[in-house]
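J.: kindly generate the corresponding structure for this input.
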Amino acid sequence: MRTSSKVHAVLAGGTSALMLLVAGLTLLPGSLPLPSPRFLALLSGVTLFPLMGWAFFRGLFGGFDRDLHRLAFRCLPGRPRLALVALIGAGVVLCAVDAATSDSRQDAEVRDGRYVVFETSGRRGTVEVDRREYEAVREGDQRGMTVIPGTALAAVALFVLVTGEVRRADDEAVEAAKAVSTTSAAPASGGTRS
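T.: A predicted model of the protein is given here:
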């Protein structure tokens, strides 16, 4: 596998692990000094779209054969494969938890020393809340901004490794074909005497 595939997978997988860790930390009781949801949205956009686009072009130029990719997935080393599948599984679980615990309030802010959130059901608009409700809404926003991009980046990392494995096998097949053609084209030694 080429080094560029490995670097791409490490970038996507590492960012995925960081985002899913932040999403998991929002489930702990109490408030933690985590980045704001807007910063997390910016981070996910800046990392997700370039890495996903790069992976798309790798897959586009590498061709796509589902059976070949399934075999390449089985040929990946065990630890990276297990780590990425575990990240995807953790992301799916965190998505389910986020969907189950979300409510109709979002976009928690502090305005003039008051805690406000945006209510999306019933009476739509800005509503003043207490600090505990503000922190709960803020943690939900943080979880929502990290769990989906984190899961997508884990899938991107796995796709890049599988595509890199397919390309490595193709390169080996081309080299083997070249070796066979050069040996068959070589003149036979010790020809016949007349």
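
J.: okay, CA-based contacts and neighbour counts for the rest of this
T.: Will do.

J.: need phi/psi at residue 7.
T.: Per-residue torsions, residue 7: phi -60, psi -40 (degrees, to the nearest 10).

J.: mind checking how far it is from residue 150?
T.: Distance, residue 7 to residue 150, by CA to CA, to the nearest Å: 17 Å.

J.: who's more crowded, the two?
T.: Applying other CA atoms under 10 Å to residue 7 and residue 150 shows that residue 150 carries more neighbours, namely 31 against 14.

J.: in space, what's closest to the more buried one - neighbours in sequence excluded?
T.: residue 16 (4.2 Å; CA to CA, 6 or more residues apart in numbering).

J.: may I ask which helix or strand encompasses the most centrally placed residue in the chain?
T.: By CA atoms, centre = their mean, the chain has its centre lying nearest to residue 153, at 1.0 Å. Using DSSP states H and E, residue 153 sits within helix 131-185.

J.: that older thread, next up, the contacts around the residue nearest to the centre of the chain.
T.: Each residue near residue 153 by CA atoms under 8 Å, 6 or more residues apart in numbering is listed here: 12-13, 15-16, 48, 51-52.

J.: which of those residues tops the neighbour count?
T.: residue 16 (31 neighbours).

J.: in the protein, where is pLDDT below threshold?
T.: The model of the chain has pLDDT under 70 over residues 62-66, 171, 185-194.

J.: now do the helices in it.
T.: With DSSP state H as the criterion, the chain has helices at 3-25, 37-62, 66-75, 78-101, 131-185.

J.: the fourth one to helix 3-25, inter-axis angle?
T.: Spelled out, that is helix 78-101. Orientation of helix 78-101 against helix 3-25 (axes from the mean of the first three to the mean of the last three CA atoms, to 10 degrees) gives an angle of 40 degrees.

J.: just the residues contacting helix 78-101, thanks.
T.: By CA under 8 Å, 6+ apart, the residues outside helix 78-101 that reach it are 13, 16-17, 20, 23-24, 73, 140, 143-144, 147-148, 150-152, 154-155, 157-158.

J.: what's the answer for the third one, then?
T.: Contacts made with helix 66-75 from outside it, assessed by CA under 8 Å, 6+ apart, are listed as 81, 162-163, 165-166.

J.: that one: how far from the chain's middle?
T.: 19 Å (CA atoms, centre = their mean, to the nearest Å).

J.: what's the answer for the fourth one, then?
T.: Between the centre of helix 78-101 and the centre of its host chain there is 10 Å, according to CA atoms, centre = their mean.

J.: rewinding a little: redo the helices of the chain as CSV? Include distance to residue 116.
T.: Shown next, in CSV, are these (distance: least, CA to CA, whole Å):
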stretch, distance to residue 116
helix 3-25, 22
helix 37-62, 15
helix 66-75, 48
helix 78-101, 19
helix 131-185, 7
